[in-house]
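K.L.:
Dropping the sequence and predicted coords here.
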Amino acid sequence: MKKIALLCILGLTLASAEILKPAKWSFESPKVKSKVGDTVTLTFIAKIEKNWYLYSSELKVEGPTPTEITFTPNASYQTIGKVQAINPKVKHDDIWGGNVHYFIKEARFTQKVKILKPNAVIEGKINCQTCTDTDGKCIPIKEKFKFEL
């Protein structure tokens, strides 16, 4: 029984060591204190490992997972417009049968929000997909974010 438990623990340890995360997210908000009524721009930045790419938020083809940034609603802020992908590259992808928008090295997205209450807290999550042309592997990534303005 002890051997089985040891093998299970070893297997879980090895499995967790194999988890890839080829994009690391960071978040930026204005350096100055925001007041009620201000409109601020939130920035979402993904540093992407060499030989990997990240799909943009707007894809014209079905198949790959676009980057989705969703906000948890609360009364302290209001989003203005849609998330904007900043300067993605475009390439034709035969697998998906059309042009795809993607990022290499670094991805930047912005979202404008209006502050409705003091000490606004803006939270949400990011779902995205990174892929590599090296071996065709694609990895889904889920990330949470929090801004305290």
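P.N.:
Yes, it's here.

K.L.:
Quick one: residues in contact with stretch 80-98.
P.N.:
For stretch 80-98, contacts defined as CB atoms under 8 Å, 6 or more residues apart in numbering pick out 39, 44, 56-58, 60-64, 67, 69, 99-104, 107-114. Where you see a C-beta, it was placed from the backbone N, CA and C, and this is true even at glycine.

K.L.:
For the spatially most central residue of the chain, name its beta-bridge partners.
P.N.:
Taking CA atoms, centre = their mean, the centroid of the chain lies closest to residue 126, which sits 4.3 Å from it. Residue 126 forms beta bridges with residue 69, residue 143, as assigned by DSSP bridges.

K.L.:
how far away is it from residue 56?
P.N.:
Distance, residue 126 to residue 56, by CB to CB, to the nearest Å: 13 Å.

K.L.:
now residue 125
P.N.:
According to CB to CB, residue 125 stands 17 Å off from residue 56.

K.L.:
Same question for residue 138.
P.N.:
Taking CB to CB, one finds residue 138 at 15 Å from residue 56.

K.L.:
Below-threshold pLDDT in this structure: ranges please.
P.N.:
1-18 (pLDDT under 70).

K.L.:
Now do the strands in it.
P.N.:
Using DSSP state E, the strands of the chain run over 23-28, 39-48, 52-55, 68-71, 77-85, 89-93, 98-103, 106-115, 121-132, 138-148.
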